[in-house]
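S.K.: kindly return the folded structure for what I paste below:
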Amino acid sequence: MKKTVRASFGLAAMACVALFTGAQQATSQTGGDVCAPRDDLVAQLGAQYSERQKGVGLLGEQAVMEVFASDQGSWTILTTDINGTSCIVAAGEGWDDTSSATLVGEGV
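M.R.: Down below sits the predicted model:
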């Protein structure tokens, strides 16, 4: 049986996000994610952490996944549904922009 592994915030990190995104927080049905309108979260990621969008991908027809990162190495992964609600599903430090990296299996 395949086990699903999912990165998520600890309670301390969720409390910090709640502090800078305001009182309109909601917990998603997937459990524990910090959710708010996309524009609010993106503005706070920029203002608080100097993060900007590094990548985006579709999650079926119902959602988009975005990666935000700063030059200082902080990063955040958001998912946004078709209603414009974004959830922070993972965040961390030590982002390394590998846009010039070789393809997997090449030269390794």
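S.K.: what's the weakest-modelled helix or strand in this structure?
M.R.: The helix or strand of the chain with the lowest confidence, counting by mean pLDDT, DSSP states H and E, is strand 26-27 at a mean of 40.
S.K.: after that one, which helix or strand is next?
M.R.: Proceeding C-terminally, strand 26-27 gives way to strand 34-37 as the next helix or strand, assigned by DSSP states H and E.
S.K.: which secondary structure elements does that following strand contact?
M.R.: Applying 3 or more CB pairs under 8 Å, 6 or more residues apart in numbering; DSSP states H and E, we find strand 34-37 packed against helix 11-21, strand 26-27, strand 85-92. Glycine gets a C-beta too; all of them are placed from N, C-alpha and C.
S.K.: sheet-wise, list the partners of that strand with their directions.
M.R.: Using DSSP bridges, the strands paired with strand 34-37 in its sheet are strand 26-27 (antiparallel), strand 85-92 (antiparallel).
S.K.: a markdown table for the ones you listed, including mean neighbour count and distance to Val42?
M.R.: Supplementary listing: the strands paired with strand 34-37 in a markdown table, determined by neighbours: other CB atoms under 10 Å; distance: least, CB to CB, whole Å:
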| stretch | mean neighbour count | distance to Val42 |
| --- | --- | --- |
| strand 26-27 | 12 | 17 |
| strand 85-92 | 20 | 8 |
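S.K.: now render these as TSV, adding distance to Gln53.
M.R.: Below are the strands paired with strand 34-37 laid out as TSV (distance: least, CB to CB, whole Å):
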stretch	distance to Gln53
strand 26-27	23
strand 85-92	12
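S.K.: so for Leu45, which of those sits nearest?
M.R.: Shortest distance between Leu45 and the strands paired with strand 34-37, using CB to CB, is found for strand 85-92: 8.7 Å.
S.K.: right, I'll call it a day here.
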